[in-house]
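Student: A predicted structure for the sequence below; I have some questions about it.
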Amino acid sequence: MTVQDIRSFNRFYTNVIGALDYGRQVYAPYTLTEARVLWELAHAARTDAADLRAELSLDSGYLSRLLAKFEEDGLVARSRSTTDPRRRRVTLTQRGRETADLLNERSSEAVSSLLARVPATDRPRLAEAMLTIRTVLDEKREPRPEDVTLRGPGPGDLGWIVERNAALYAAEYGFDATYEGLVARIVADYAGDHDPRLERTWIAELDGRRVGCVMCVRDAEDPPGAARLRLLLVEPDARGLGIGNRLVRACVDFAREVGYREMLLWTNDCLGSARRIYQHHGFTLVTEKPHHSFGVDLVGQDWRLDLRDAAE
């Protein structure tokens with residue numbers, strides 16, 4: 001590969017995505033850089049001007065002029081940082097947040113139109129190529145919590161849940177193939193007969209790859225009104241980003257919104273990190289019992305969360 005190869009690709013790609021005429025693409029009077037700054041302000045955990053400059057590799061003078069324009073238009077408010085008076089904190093106003101949301105929506109629509117031209121059979125190849133470019137050119141960058149997205153399952157995701165549960169629990173806890181059989185039955189039941197109004201699966205994605213999952217399903221063994229949290233998993237190299245917490249929160253919020261009275265789950269005492277997440281969200285231990293399953297000695301635990309108390 002040569003420098004000219006990369007420059008040629010850059011010219012091709014910026015033309016394909018309309019980067020040079022971004023305002024016309026999204027029907028808004030903003031450049032791609034301005035839209036990106038608004039997106040960072042809407043999604044980043046830190047919003048000091050210095051953080052924005054470092055994250056986006058922008059010239060300090062250019063960023064200062066851009067923020068001054070946003071402030072004049074009523075999109076942002078600037079103030080001194082409460083932790084370091086030398087730094088300037090930048091926050092979106094209500095108008096700024098609405099503008100960022102609108103730009104995000106129109107950008108998604110533009111990309112959807114682009115993707116619609118790609119045959120379904122070519123999309124996995126395209127996704128893999130994009131992931132390869134990101135991995136090769138950005139391998140030293142540490143992942144951030146805001147880089148993680150939650151989405152519903154697509155083709156192949158349910159099979160991935162079975163495969164990763166089996167592989168991780170075998171590697172970390174010594175579970176045998178009977179655990180894979182259990183997970184396969186849970187997933188097969190969900191795939192074959194679930195009510196999308198009352199049951200849902202979430203996939204956590206980081207830089208285009210799957211790094212976690214959880215399910216919310218109706219509980220068949222308890223009175224109507226009980227939901228069950230199942231198959232919470234976070235890939236080892238993605239832990240520490242709050243993914244497990246976000247997955248459980250999504251599950252609990254969904255169960256409460258659709259009207260379940262309580263949420264139940266079964267786990268084992270060896271899963272310390274997961275149990276701490278459950279406790280953080282208000283689950284309480286109901287019963288525990290020693291058992292021999294999946295080829296190892298375990299202590300099974302039943303946990304419960306009263307969703308009516310959570311709502312209050």
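Tutor: Everything's here; your move. Residues are numbered from 1 along each chain as shown.
Student: For residue 82, report the pLDDT, please.
Tutor: Residue 82 is assigned a pLDDT of 69 by the prediction.
Student: Can you get me a residue count around residue 105?
Tutor: Here the number of neighbours of residue 105 (other CB atoms under 10 Å) works out to 11. Where you see a C-beta, it was placed from the backbone N, CA and C, and this is true even at glycine.
Student: what's the helix or strand where it lies packed up against?
Tutor: If you go by DSSP states H and E, residue 105 is part of helix 94-116. Here helix 94-116 touches helix 22-26, helix 32-43, going by 3 or more CB pairs under 8 Å, 6 or more residues apart in numbering; DSSP states H and E.
Student: Show the subsequent helix or strand relative to that helix.
Tutor: helix 123-137.
Student: Tell me the strands beside the helix or strand following that next one, with direction?
Tutor: Following helix 123-137 in sequence order, the next helix or strand is strand 148-151 (DSSP H and E). Partner strands and pairing direction for strand 148-151 (DSSP bridges) are strand 200-206 (antiparallel).
Student: Dump the strand it pairs with to CSV, restricted to CA.
Tutor: Extracted as CSV, the C-alpha positions of strand 200-206 are listed here (Å, rounded to 0.1, in the frame of the first residue of the first chain):
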residue,chain,number,x,y,z
ARG,A,200,-36.8,-8.3,24.3
THR,A,201,-33.1,-9.0,23.7
TRP,A,202,-30.3,-6.4,23.7
ILE,A,203,-26.9,-6.7,22.0
ALA,A,204,-24.1,-4.4,23.2
GLU,A,205,-21.8,-3.3,20.4
LEU,A,206,-18.4,-1.7,20.5
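Student: Off-centre distance for it?
Tutor: 7 Å (CA atoms, centre = their mean, to the nearest Å).
Student: What's the mean pLDDT across that strand?
Tutor: On average, strand 200-206 scores 94.
Student: any residues touching it, and which ones?
Tutor: Residues outside strand 200-206 that contact it (CB atoms under 8 Å, 6 or more residues apart in numbering): 143, 147-154, 157-158, 161, 190, 210-216, 234, 238, 241, 243, 246-247, 250-251, 254.
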